[in-house]
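Novice: Sequence and predicted structure below; questions after.
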Amino acid sequence: MLAANHGVTGSGSTKKPRKSRGKGLRTNTGCTICRKRHTKCDEVKPVCGPCAKGQRPCEYGTPAVQSQVQPTQAPKPTSSPENNIFTENRPGDHTRFSPIPPDQEVSRPWPEEPIDDTLPTTSPRSSLGSAYGTEVAPLRWFGLLAGDLPYDHNKSPLEALGDVASSQRYMQGAGTSQVNGHRQTSATPSDTPSLPCTKLRLQASAASPPTSNHSSIADEHRQWRSLEPIALKGNEHAIFERFINRVALWIDLFDPLKHFSTFVPHLALHNEGLMKALLALGARHMSIKPEGNDEARVERAVQYYDETLRYLQHAMRFSSYKNSQELHATVLVISKYEMIDGTAKNWEKHLKGVFWIQRSRDINGESGGISQAAWWAWLRQDIWASLREGRRLFSFFKPTRPYESMDMWDMASRVVYILAQAVNYSSKEETKAGEADLPSRILRATTLLGLLDEWRRNISIHFSPLPIQGPFETVFIPLWFNPPALGVSVQMYCCARILLLVNQPAAGGYLECQSRERTIAECIDTVGGVAMKLSDDATRLMSTQCLYAAGLYCSVPAKQNSIAELIREHSAHTGWPTNTDLVEELRVHWAEQAQ
């Protein structure tokens, strides 16, 4: 009654007294740094937006008022046969497989509030340093590559500054035709600036005017993007086709639009650096897998690679180029080149450089377009490198899209993310940290296993294997998926489960270890069965990695021999890897395990 009559006196009505602007609008949540600075915090974890932008350490304390949130219950697994392909094998039916026994799925606990599965022990900035901006990140990436570029050791640092000025003249006036033309940029040491001091050059380039005295972005674009298509000559047509028809499909594995085999070649026709990178990768694959009259010379690939770096040395002066799709495609293609040709350490620096560029531009697995396609391709590369080196992945991205909004390709990519977390879990860093806190390590594995269960419950009918006529006299029962890339995603699912079960501390004793061994054996059978029906290079490349990962934990001699044969067969078709004998590594590992 008091509230109803408030403010009504006499013949007129008065307005209610205005509350303070701050009353009811302030919040006690947010990170500690933003609260101290009295700035709005978006509460993104582990690093909020304002702290990431200002390159400040981000810390979250206990808020003064905590909202009462009811714990959510895990969704119940569906019993629909269309959505659950992980059922027990029926007699005479080889179209189903069971990487995990159904009775184990019921008993596995799912935490009511999943822990953060990004970085459990350290901040992402602790091992990678502060984030680089969009201007600096490409230069830092190029600095990692610059050691591959031949230079004149007789030049002094002061002469290097003169080279910067030469680079500017090269990209202006008459130099424009050299950048846009295809043949002129294959320069010799006499007409191309060298790189005697990488750090000095990068500092000078970053401080130079980004527009090179041009009044508009359009004018700047013309300095590195040609109006007329680049003309290919001689054997370059065959090399270009090799990239499009064979190697680009490795990158496009889970990309429904096939950006690198459809869109990127068109970009390359108007950008010299990207075209040289494509030719380098195509020529390198042609040298390891010659067909017909193909020119099988690795020197040709090295020449294109060198010309790519020389182009980047000049084009990095332009801000519009450093933020372009052409550069992003170029760095991914160069990284793929190093996957084929380089050593583990050289490849790691490329992956790290790509990570810097992606992070500076907020590119991740949900960015859309060519940026998203390149990000997933880069993540698959980093998974393999991290697995081999026993380290954590560089990325700390966490997807947010619900399964209801995904198509089958998005679902296939999601299991790549979960596999990345499993590789992180098995890394030396997390294993060592987990020794001091076993309960947290057990809970983290349980959370990741829950992510795998959630994926399995939500995948579409496309992930069901198709029937194959038997009987089979092979060690592994063949499993046929169409599209075959979805079979590779099932292999990744199995590899993630293997890594988690092997590295999770067993709190249930002997019986739990026995149950895990059965599940691991079924996962190995699934990886081998899928591998037997793959026929294209893109899926065979990823299958080789899955076979190797599963083979590390295989103890049955017959299955070990079959895995070795499948890896040999895959490598014979793809030509990868070129500098490592994975089968020999596995045989040495198996011999050590048998002792």
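Specialist: Great, that's in hand.
Novice: Can you list the residue ranges for strands in this structure?
Specialist: 8-9, 12-13 (DSSP state E).
Novice: tell me the mean pLDDT for the first one?
Specialist: The predicted model gives strand 8-9 an average pLDDT of 40.
Novice: ok, now stretch 365-374?
Specialist: The model assigns stretch 365-374 a mean pLDDT of 93.
Novice: Please report how far residue 529 lies from residue 262.
Specialist: Counting by Cβ to Cβ, to the nearest Å, the gap from residue 529 to residue 262 is 32 Å. (Glycine included, C-beta is placed from N, CA and C.)
Novice: And residue 292, by the same measure?
Specialist: Separation of residue 292 from residue 262 (Cβ to Cβ): 25 Å.
Novice: Between those two, which is the more surrounded one?
Specialist: Legend: neighbour count by other Cβ atoms under 10 Å for residue 292 and residue 262, higher for residue 262 (13 against 5).
Novice: Can you give the contact residues for the longest helix seen in the chain?
Specialist: Determined from DSSP state H, the single longest helix within the chain is helix 509-531. If you take Cβ atoms under 8 Å, 6 or more residues apart in numbering as the criterion, helix 509-531 is touched by 97-101, 104, 475-479, 481, 487-488, 490-491, 494-495, 497-498, 501-502, 506, 543, 546-547, 550-551, 553-554, 556, 559, 562-563, 566, 570.
Novice: Show me what counts as buried in that helix.
Specialist: For helix 509-531, a neighbour-count test (16 or more other Cβ atoms under 10 Å) marks 515-516, 519-531 as buried.
Novice: Please apply the same query to stretch 375-395.
Specialist: 375-388, 391-395.
Novice: cool, and stretch 242-254?
Specialist: Under 16+ other Cβ under 10 Å, the buried positions of stretch 242-254 are 242-244, 246-254.
Novice: now swap in stretch 477-491 and tell me
Specialist: Buried positions in stretch 477-491, judged by neighbour count with 16+ other Cβ under 10 Å: 477-481, 483-491.
Novice: Count the residues that sit near the residue lying closest to residue 486 once chain neighbours are set aside.
Specialist: Once flanking residues are discounted, residue 486 sits nearest to residue 463: 5.4 Å by Cβ to Cβ, 6 or more residues apart in numbering. Counted with other Cβ under 10 Å, residues neighbouring residue 463 total 21.
Novice: From residue 412, how far out is residue 463?
Specialist: Counting by Cβ to Cβ, the gap from residue 463 to residue 412 is 8 Å.
Novice: hey, what's in contact with both of these two?
Specialist: 486, 489.
Novice: okay, how far is it across stretch 38-50, tip to tip?
Specialist: The straight-line separation of the ends of stretch 38-50 (Cα to Cα, to the nearest Å) is 11 Å.
Novice: related to what we said a few turns ago, need the contact list for the residue nearest to residue 486.
Specialist: If you count contacts by Cβ under 8 Å, 6+ apart, residue 463 has them with 85, 408, 411, 481, 486, 489-490.
Novice: which regions of this structure sit below the pLDDT cut-off?
Specialist: Across the chain, the ranges flagged by pLDDT under 70 are 1-28, 61-217, 293-296, 342-346.
Novice: and it, what are its domains?
Specialist: Here the domain parsing of the chain from automatic domain parsing is 29-61, 102-116+398-594, 137-366.
Novice: JSON lines please, covering the buried residues of stretch 477-491 and showing distance to residue 422.
Specialist: Listed next are those as JSON lines, based on distance: Cβ to Cβ, whole Å:
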{"residue": "477", "distance to residue 422": "25"}
{"residue": "478", "distance to residue 422": "26"}
{"residue": "479", "distance to residue 422": "21"}
{"residue": "480", "distance to residue 422": "26"}
{"residue": "481", "distance to residue 422": "21"}
{"residue": "483", "distance to residue 422": "24"}
{"residue": "484", "distance to residue 422": "22"}
{"residue": "485", "distance to residue 422": "20"}
{"residue": "486", "distance to residue 422": "19"}
{"residue": "487", "distance to residue 422": "19"}
{"residue": "488", "distance to residue 422": "16"}
{"residue": "489", "distance to residue 422": "14"}
{"residue": "490", "distance to residue 422": "15"}
{"residue": "491", "distance to residue 422": "13"}
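Novice: Of the residues you listed, which belong to helices?
Specialist: Within the buried residues of stretch 477-491, residues falling in helices by DSSP H are 484-491.
Novice: Tell me the one among the residues you listed nearest to residue 43.
Specialist: Ranked by distance to residue 43 (Cβ to Cβ), these are led by residue 489 at 32.7 Å.
Novice: With adjacent residues omitted, what lies nearest to the closest one?
Specialist: Nearest non-adjacent residue to residue 489, counting by Cβ to Cβ, 6+ apart: residue 412, 4.0 Å away.
Novice: list the contacts for the one you found?
Specialist: For residue 412, the contact set (Cβ under 8 Å, 6+ apart) comprises 254, 485-486, 488-489.
Novice: One more: residue 536?
Specialist: With Cβ under 8 Å, 6+ apart, residue 536 has these contacts: 249, 484.
Novice: Show me which of the buried residues of stretch 477-491 is closest to residue 52.
Specialist: Of the buried residues of stretch 477-491, the one sitting nearest to residue 52 (Cβ to Cβ) turns out to be residue 489, at 31.4 Å.
Novice: Was I right to think the closest one contacts residue 415?
Specialist: Yes - at 5.1 Å, residue 489 and residue 415 qualify as touching, with contact defined as Cβ atoms under 8 Å.
Novice: hey, what's in contact with both of these two?
Specialist: Shared contacts of residue 489 and residue 415, defined by Cβ under 8 Å, 6+ apart, are absent.
Novice: Distance check, residue 305 against residue 567.
Specialist: According to Cβ to Cβ, residue 305 stands 28 Å off from residue 567.
Novice: correction: residue 227
Specialist: Residue 227 is 47 Å from residue 567, where distance means Cβ to Cβ.
Novice: cool, residue 329 as well?
Specialist: From residue 329 to residue 567 the distance is 30 Å (Cβ to Cβ).
Novice: So which of those two has more stuff around it?
Specialist: For residue 329 and residue 567, the more surrounded residue by other Cβ under 10 Å is residue 329, and the numbers stand at 27 against 23.
Novice: Could you find the closest non-adjacent residue to the more buried one?
Specialist: Take residue 329 and drop its neighbours on the chain: the residue closest to it by Cβ to Cβ, 6+ apart is residue 264, 4.9 Å away.
Novice: And residue 363, by the same measure?
Specialist: residue 371 (4.6 Å).
Novice: what's the burial count for that neighbour?
Specialist: 20.
Novice: Tell me who's in contact with it.
Specialist: Residues near residue 371 by Cβ under 8 Å, 6+ apart: 325, 328, 358, 361, 363.
Novice: Tell me the spacing between the fourth one and residue 503.
Specialist: From residue 361 across to residue 503, the span is 34 Å (Cβ to Cβ).
Novice: Can you tell me how far residue 327 is from residue 239?
Specialist: Going from residue 327 to residue 239 by Cβ to Cβ gives 21 Å.
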